[in-house]
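Chemist: Okay, here's the prediction I keep looking at, along with the sequence it came from:
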Amino acid sequence: MKKLLLCFLGPVVLASAAFAGAEYSGKEMKQVAPPPCPEWYADREFNISLWGTYAFTGNNWVNDRYIEADHAWGGGIDLKYFFMRYIGVGIEGWALDARQARQNIFVDFSDNEFLSNIQHESNVIGGVLGTLTLRYPIPCTRFAPYIFGGAGGIFGGGQKQVNQRFVEPGEGFDILATTGHTDSETRAIGQVGGGMEIRLTPHIGWVSDFSWNFVDGPKNNFGMVRTGVNFAF
């Protein structure tokens, strides 16, 4: 009877141990899903950027026809609304402190005399443009490269020399001299560029970019480097 009972209990004990071992192994092999990536950029957001800028002309100031300086420093602001994760529209405005160089000439043709001097005058040159921005937030990172383009108006530059000819007694109109400069002109401007945003938090980022600006008329174009902080809402 005892042998019969042991023969019956033996398989039951082995089956229980095997079942317990299989359950333990299952717990060890269970996989835990990784947490989702943090969202640094929203599908719809409103951006306000404040930045400093450095502009440099495509020509030497002598040949430049609008800024009339080799370079200028300034700052600006732009407002953008991203109605999709990758596409935004906005408006930007900026101002440059340009130390413009003004050339004055005096030419006496009869006496073969030519005089020239340079005067410097600081003027504010500004621009307002509507913009279109295409960005690509790299998944699971803080980085978003972008390209942009815009069009609008620029004002504060474009002064020209006013030269007049004068009569010298007995020699006719033989003197040409600069008597002043015209007022500034407002021109059309186009812009293309690209840059990178790095989000420090989902609502604060650092932006840096470069643009090339095309001003209506020849020999007016200039480059602009910008860097500053962006606030996203």
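Modeler: It's in.
Chemist: So which residue is smack in the middle of the chain?
Modeler: With distances taken as CA atoms, centre = their mean, Asp209 lies nearest the centre of the chain, 3.7 Å away.
Chemist: Name the nearest residue to that one, ignoring sequence neighbours.
Modeler: Once flanking residues are discounted, Asp209 sits nearest to Gly195: 2.3 Å by CB to CB, 6 or more residues apart in numbering. Placement of C-beta: from N, CA and C, glycine included.
Chemist: Check the secondary structure at the one you found for me.
Modeler: strand (DSSP: H, G, I helix; E, B strand; the rest coil).
Chemist: immediately after the helix or strand harbouring Ile125, which helix or strand?
Modeler: Secondary-structure element containing Ile125, defined by DSSP states H and E: strand 113-135. Next helix or strand after strand 113-135 toward the C-terminus (DSSP H and E): strand 143-157.
Chemist: Now do the residue nearest to the centre of the chain, the pLDDT please.
Modeler: At Asp209, the predicted lDDT confidence score is 98.
Chemist: Tell me if I'm right that it and Val192 touch.
Modeler: No: using CB atoms under 8 Å as the test, Asp209 is too far from Val192 to be in contact (10.9 Å).
Chemist: Find residues that contact each of these two.
Modeler: Phe148 (CB atoms under 8 Å, 6 or more residues apart in numbering).
Chemist: So which bits of the helix or strand harbouring the residue nearest to the centre of the chain are buried?
Modeler: Assessed by DSSP H and E, Asp209 sits inside strand 204-215. Using 16 or more other CB atoms under 10 Å as the test for burial, strand 204-215 gives 205-207, 209, 211, 213, 215.
Chemist: quick one: contacts of that strand?
Modeler: 49, 51, 55, 66, 127, 142, 146, 148, 154, 187-200, 220-232.
Chemist: quick one: that strand to chain centroid distance?
Modeler: Per CA atoms, centre = their mean, to the nearest Å, the displacement of strand 204-215 from the mean C-alpha position of its chain is 1 Å.
Chemist: Paired strands for that strand, with orientation please.
Modeler: strand 185-201 (antiparallel), strand 222-232 (antiparallel) (DSSP bridges).
Chemist: ok so, going back, now, among the buried residues of strand 204-215, which is nearest to Ser110?
Modeler: Using CB to CB, Val215 comes nearest to Ser110 of those, at 39.3 Å.
Chemist: who does the closest one bridge with?
Modeler: The partner residues for Val215, given DSSP bridges, come to Ile189.
Chemist: could you check the distance from it over to Arg65?
Modeler: Using CB to CB, to the nearest Å, Val215 is found at 8 Å from Arg65.
Chemist: How about His71?
Modeler: Distance from His71 to Arg65, by CB to CB: 16 Å.
Chemist: neighbour-wise, which of these two wins?
Modeler: Arg65 (19 against 15; other CB atoms under 10 Å).
Chemist: and the contacts of strand 204-215, which are buried?
Modeler: The buried subset of the contacts of strand 204-215 - by 16+ other CB under 10 Å - is 49, 51, 55, 66, 127, 142, 146, 148, 154, 187, 189, 191, 193, 195, 197, 199, 220-222, 224-226, 228, 230, 232.
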